[in-house]
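Asker: structure for this input, please:
(4 chains, ligands or ions: 4)
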Amino acid sequence: MTNTQKPKIGIFSLTGCGGDQLMILNLEPILLDLLSRFEIKDFQEASSYKEEEAELDIALVEGSVSTKTDLEKLKKIRERSKMIIAIGDCAIGGCVQAMRNGQMSMEERMRKVYGVDVDYYDVLEPKGISSYVNVELEIPGCPIEKSQVLHAITSLLHGDMPEEIDYPVCVECKLNGYPCLLVEKGLPCLGPIITAGCDARCPGLGLDCIGCRGPIRDESNVAAELEVLLEKGYDEEYILNRLRFFGGNFEDIQKLTKRISEKSKGRRNSHEEDS
Amino acid sequence: MYKVLPKENLQSLFEGLRKIGDVYAPVKISGLSHDFRKVNSISEVDLEYTRTMIPPKKFFVKPRETLFEFDEEKLQYAEVQNGGGLNVILGMHACDINGLKVIDAAYINENPDKYYMQRRESTLIIGVSCTPDEYCFCRSMGADYAVDGFDLFLHEIGRGYFVRIGSEKGLRVIEENSSLFEDASKEDIEEFKENERRKAESFKLELDISGLQDMLDLAWDHPVWEETAEECFGCGTCNLVCPTCRCYDVADYVELDLKRGERLRRWDSCMLRKHGLVAGGLNFRPTRVERLRNRFNCKGSLVNGLLNCVGCGRCTLYCPAEIDFVKIMKRIRGEP
Amino acid sequence: MSVRNVLVPSPARILKSEDMTDIEKHIELEILDKEFAKRFVYKPGQFVEVGVMGVGEAPISICAARKKEDLLELCVRKVGRVTNAIHRLKPGDILWIRGPYGNGFPMENMEGSNLLLVAGGLGIAPLRGVLQYALTNREKYGTITVMYGIRCYTAMLWRDEFLQLFYEGDKNNVEFFLSYEDPSDKQCYELQCERSDRCMSGVVTKLFELKEVKPENTYAVICGPPIMYKFVVQELMKRNFDPRKIYMTLERRMKCGLGKCGHCIVGSGRNMKFVCKDGPVFTYWDALMTKGMI
Amino acid sequence: MKRIVEVEELTRVEGHGRIEVTIEGTEVKEVKMNIFEGPRFFEAFIESVHYEKVPDIMRRICAICTASHSLASIRTIEKAFGVDVTEQTKVLRDLLIHGEIIESHALHVFMLALPDYLGFPDAISMASKYPKEVKAALQLKHAGNMVHNVLSGREVHGMNERVGGFSTIPSEKSLGEIKRAMALNKAAAELAVDLFSKVEIPKYAESENALMALDPGEKFGFIGDYVLVSDGTRHPVEDYLELTNERTVKHSHAKFSSYKGSSFMVGALPRVLLNRDKLEGTAAWLYEKHEGLLTSSNTLMNNLAQAIELVHSVDRCIEDIDILLSNGLKDEGLVEVTPREGRGVGAVEAPRGILYHDYTFDEEGCILKANVITPTAQNAANMEKDYRVAAKRLVREPDEKIVNALEMIARAYDPCISCSVHLTRIR
Ligand SMILES: Cc1cc2nc3c(=O)[nH]c(=O)nc-3n(C[C@H](O)[C@H](O)[C@H](O)COP(=O)(O)OP(=O)(O)OC[C@H]3O[C@@H](n4cnc5c(N)ncnc54)[C@H](O)[C@@H]3O)c2cc1C
Ligand code: SF4
Ligand code: SF4
Ligand code: SF4
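Answerer: Residues are numbered from 1 along each chain as shown, chains lettered A, B, ... in the order given. Ligands and ions are numbered 1, 2, ... in the order given. As a prediction, the model looks like this:
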């Protein structure tokens, strides 16, 4: 992409809160400069201009695949794009809306919120986009961090893939010298298993990390987190809810959920037999 | 030459130190934590502290620092200027002073690191004696007493501090504030000795380090690594709080014009996944098993004749998974 | 205080940047700072940290013996951020270098002995320096045997140069052997037909079938992908080589090249080494004493 | 002859929606607003979550009104547990929501709505001809975001505002910086008023509108416990179900809110009109100056009302900071909370109108049941009414013109489809 032509870019959103696009718009001081380096072919949240068929060098996609419409849209984006960058947790692991995946059916969710069984939306269990199409790069966060988007964009303009962070939030706590909330106060901090990059925002404010950047794929030791928090006196349901806030689609967390729910089922059954 | 600083003169000494430069000292920042911070009055300082979470190595190898800024178009780079002038670190413990010597070995003795050197030279270190808690095992590591590596060392005694002088810089401080110091009397010396003896006896935690290097070598395939890896988060805390760990990572950042930018380094940790990763996805320490083993081996090894652990207890105390450094070393030795 | 800042690089202009294969480029650099160039004395097996501003640095072996004060040759394989960026640059562009680092091969120690060079793939790059050095000082060394394992013909580095040695090396008392991994490779097959005594299909250790290697008065020098070492060393040990006369150069992650950043550490408590400063050249004896080295 | 006029995908709005108008001859047969934003079912998955982290999840309903959701959620919990917060917390919350209004309105007024009136597809292309306006907008938006950053912890989905107060009290220095930024950018807010009072605002959507807004108490603001209705009535927010009366309407494709059988509007225009007496300073003066334009019958005037709110909020940020600084910032910690069984309803004025949260808790403070009604869901029926009115007036015009009008109406409401969790599409 070092040739004089500007890279063609599209910014898309599937199901989510729009926060990652908004973070891009929040780059106020350099926004115009930044956008002027691309040929923008689609940016629904900020522009009416669009070229639906145009080929794209880069597609930034936010949001989870939560309906069949999302999926169709995503497939079309994939067809026309050389590179897809998933921005934000929704696009990576489904984010909060995937919290009850495997625990609560879509029908049940429909019934609870709309009081009807009919699936008006052709809903799918919310998932990140890499569950359906090939994704070249993922920028985590709920929402993404401006500094990381910028780093990614400058790298891409340079022609490089940006370096991805794959260490946990605890590292940033230490770099900043924040007292550890887990060790010192016994707060249920998820920092040890969550992808860093936020500069440990929450511990910096005295708040235990709820995991908004998602666990680190193939690395996070979620079973250890459960053990540690159990030891600190939190109950299983509480911990599991917490792990699931942003990790409903994370494999190890799903395994853990299954293990625990089977265990508690077993317990319940044996109670029933007892009585 | 030994001196005594009467307690009531500490305040005045502090004022004297402030004339030398910025003073950094342990400050209580939370229930359990202390941190070396810039202080303006002695009342902010807590010299009774046990340990800070982040060791004072942070003043010499900064957690994050710019190595230089560059401008590709002009083919220029600009080194970052160290503040200049002298700084004072007041209240370092013996383990941390000895820890710094381990880092010196890597950062000064061969291919000196300019930033580190400058900071080292422009810093006055004033040590202070301490009382070990249940995590301290510095005595086992031979790091409970600082023979050198400081400018002044204050040992608490009944009427104030028994002062050892470690360098010319230290001597100068005494000279410039000569009215604050008294000559050490026989009683003072006796008290100092008595305190040292009592401190030596008060250690609750011990680790036998004789032959530790071979013990580690023999434990290469010990089940302790796999077992510990199950509990370990691989979060890097143990490295980042260690006064002798000094691994760093480097990354470049460019501005939007793709011409100007900076090269940054930040503390790294051998417990993190990328530490051993090379091209083609090959990782020399792919799982926490290899990483844990590497860390303990590194800590127990002698590099330039120095042990890479000073027994400060931080890695155990601050480990979110409560992995116990000494326990593991003992297991490796085959101790019950 | 005037300490040189060892972390800041020096600019070098790309004189030549040629594709040798799809992924490897041969790059010639001119060091611009002549003061730096004077100090820049290196021997085969040493490496430099090569940087592209805004992207980063990578350790790259110097792939030729030192001929001229301000000249430096590298072979760079495109595998990631920095190496991609290096590949993008054109003659006239600037690379930033630091070094030379590492111990390099002890060419003096090996004087008067025979040399056995075993290289796999990109591993030929540092060995090319050894070879060039030995050829320029031909009288100082005995027979020279080179075993070079490649994947296929198109992956062969410095093809013209090495083919010439393959065919005509004997004039200079250099025996050059070639192995190739892809049995369906036509060009390699032709080479094999032509010189079945020098070329074989298979991994590089196959070449030990073609050449009877003797340990007497011989130094072995090995470089290749990490998995290669074990197999080559096995062959050498079978032939009773002295572990202290087997040299190999290792790869590890490195950020400084100066023994500070810590990434290249290997070994157990008993013996810890930094590949960048204690190596990258080690003997097999070192490897026996240092756990996890190969 | 049947003719279908369609806005395929609404742009420059948050979320995804489509408008379809069916015309037969000169008669507007059907108006449909389709939402193809996927539902996220917050109210379903929040069940069993412990109250302490409920706002952290619920604020993620929406990015642009994240602080509104978070404050609505927090207030709901505090009401359920009978928590009283300190004066300092109240001022900080007030400051936070003014910051949100600035951030959101600056984005909407200048960058999403204005391009319509100046004939550009977006603010980026507008920048070459109107550099001053675009720059002013970005700076103003930035100032609003500073409030988010400092008080909440980041621009979107901040976390520092908690049940019982703020986890970390901002520094004097950072508040001082916000104050300076506000003072510097007040002119930008006034520019917005100026622009929208001068552009020609179409009248095709003019029709009677019922209005609703929270009663902010003494001063014009965005937090309150009572709802004012344009019929002169005042209701506690706990009555929100009757007020909004969400139900499925046969002829329509959405779950509609209605009050006493007809649609109503929430947002800047209702706020400014219902609380006009509480405006102060420059904003009050500007209101008076443009009073004639600000009629309740033209919803397109919402943008001008937003601009006036911008001016007001900039002033209020400065005022709030002055109060905080003159009282001296106190690190008070969070008020102790004892969870109990029960229910709470809380509301705030999000940039686009009233936002209700309603939770029921078990004795440990875990959610048993939750309900959220967003402003855009409340506005949906009124929006459809406006589309219908406009389509009728423009029925003889070419499609393009109708499409344009529909889009402008939609945008004037500043709809936030992402968070309008209750807009249901019915096949
Ligand atoms: C002593 C030595 C000599 C070398 N000589 C040569 C040579 O002559 N020619 C050549 O092409 N390559 C050589 N290499 C390998 C080369 O350094 C790596 O291929 C290069 O660092 C990859 O960097 P990158 O930024 O392009 O890749 P990255 O984008 O960083 O990543 C690609 C992969 O490389 C890994 N990596 C990152 N930094 C290093 C590092 N310092 N060393 C190894 N892997 C790393 C990453 O973990 C990742 O898996 C040598 C390595 C060493 C240690
Ligand atoms: S506060 Fe949380 S993120 Fe920070 S070090 Fe402790 S466990 Fe890790
Ligand atoms: S600390 Fe955790 S919850 Fe907070 S911003 Fe970082 S990743 Fe998200
Ligand atoms: S290894 Fe642990 S005990 Fe030893 S010096 Fe490091 S932190 Fe302290």
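Asker: where does B:Lys38 sit, in terms of helix or strand?
Answerer: strand B:34-39 (DSSP states H and E).
Asker: that strand near chain A at all?
Answerer: Yes. Using C-beta under 8 Å from any C-beta of the partner chain as the criterion, contacts between strand B:34-39 and chain A involve B:Asp35. Just so you know, the C-beta spots here come from the backbone N, C-alpha and C atoms, and that holds for glycine as well.
Asker: list the buried ones in that strand?
Answerer: For strand B:34-39, burial by neighbour count (16 or more other C-beta atoms under 10 Å in any protein chain shown) applies to B:His34, B:Asp35, B:Phe36, B:Arg37, B:Val39.
Asker: packing partners of it?
Answerer: Contacts defined by 3 or more C-beta pairs under 8 Å, 6 or more residues apart in numbering or on different chains; DSSP states H and E place strand B:34-39 against strand B:21-28.
Asker: sorry, back to before: ok, so of the buried residues of strand B:34-39, who is nearest B:Lys7?
Answerer: B:Val39 (18.1 Å; C-beta to C-beta).
Asker: on that earlier part again, name every strand pairing with the strand holding B:Lys38 and say which way it goes.
Answerer: strand B:21-28 (antiparallel) (DSSP bridges).
Asker: so how far is the strand it pairs with from its chain's centroid?
Answerer: What separates the centre of strand B:21-28 from the centre of its chain is 15 Å, taken as C-alpha atoms, centre = their mean, to the nearest Å.
Asker: what residues does it touch?
Answerer: Outside of strand B:21-28, the residues within contact range by C-beta atoms under 8 Å, 6 or more residues apart in numbering or on different chains are B:14, B:17, B:34-39, B:44-47, B:49, B:52, B:56, B:59, B:85-91, B:124.
Asker: same thing with stretch A:150-164?
Answerer: Residues beyond stretch A:150-164 that count as contacts (C-beta under 8 Å, 6+ apart) turn out to be A:1-2, A:7, A:27, A:30, A:34, A:37, A:58, A:85, A:136-139, A:148, B:251, B:253-256, B:258, C:54-55, C:81, C:84-85, C:88.
Asker: pretty sure C:Glu49 contacts C:Pro100?
Answerer: No. C:Glu49 lies out of contact with C:Pro100 (C-beta atoms under 8 Å); the separation is 9.5 Å.
Asker: mind listing the strands in the stretch 1-150 of chain A by residue range?
Answerer: A:8-13, A:39-43, A:56-62, A:65-67, A:81-87, A:123-127, A:137-139 (DSSP state E, counting those that start in this stretch).
Asker: any idea how far B:Val80 is from the residue in chain B sticking out farthest from the centre?
Answerer: Distance from the C-alpha centroid of chain B peaks at B:Glu73, with 40.2 Å (C-alpha atoms, centre = their mean). In this structure, B:Glu73 and B:Val80 are 20 Å apart, going by C-beta to C-beta, to the nearest Å.
Asker: in chain B, which spans are strands?
Answerer: Ranges of strands in chain B, per DSSP state E, are B:2-6, B:21-28, B:34-39, B:64-71, B:76-79, B:86-92, B:123-128, B:152-157, B:160-165, B:182-183, B:248-254, B:260-267, B:302-303, B:306-307.
Asker: got the CA coordinates for the second one in PDB?
Answerer: Extracted as PDB, the C-alpha positions of strand B:21-28 are listed here (Å, rounded to 0.1, in the frame of the first residue of the first chain):
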ATOM      1  CA  GLY B  21      17.800  17.300  44.000                       C
ATOM      2  CA  ASP B  22      14.400  15.700  43.800                       C
ATOM      3  CA  VAL B  23      13.900  13.200  46.600                       C
ATOM      4  CA  TYR B  24      12.100   9.900  46.100                       C
ATOM      5  CA  ALA B  25      11.100   7.800  49.000                       C
ATOM      6  CA  PRO B  26       8.700   5.100  50.000                       C
ATOM      7  CA  VAL B  27       5.100   6.400  50.400                       C
ATOM      8  CA  LYS B  28       2.100   4.400  51.400                       C
END
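Asker: quickly list the domain ranges of the chain.
Answerer: Picking chain A for this. A:8-157, A:169-263 (automatic domain parsing).
Asker: hmm, no, I was thinking of chain B.
Answerer: Per automatic domain parsing, the structural domains of chain B span B:2-60+B:82-201, B:212-255+B:270-333.
Asker: next to ligand 3, which bits of the stretch 151-294 of chain C? Give me the list.
Answerer: Within the stretch 151-294 of chain C, no position lies close to ligand 3 (C-beta under 6 Å from any ligand atom).
Asker: what parts of the stretch 151-294 of chain C come near chain B?
Answerer: So the stretch 151-294 of chain C meets chain B at C:226, C:251-253, C:255-256, C:258-263, C:265-272, C:277, C:291-292 (C-beta under 8 Å from any C-beta).
Asker: now, the residues you listed that are in helices?
Answerer: Per DSSP state H, helices hold the following members of these: C:Pro226, C:Lys277.
Asker: any weak-confidence spans in chain C?
Answerer: Within chain C, the ranges that satisfy pLDDT under 70 run C:1-3.
Asker: counting neighbours, which of the contacts of strand B:21-28 end up buried?
Answerer: The neighbour count (16+ other C-beta under 10 Å) marks B:14, B:17, B:34-37, B:39, B:45, B:47, B:49, B:52, B:56, B:59, B:87-91, B:124 as buried among the contacts of strand B:21-28.
Asker: state the pLDDT value of D:Arg396.
Answerer: For D:Arg396, the pLDDT comes out at 88.
Asker: brilliant, that's me finished.
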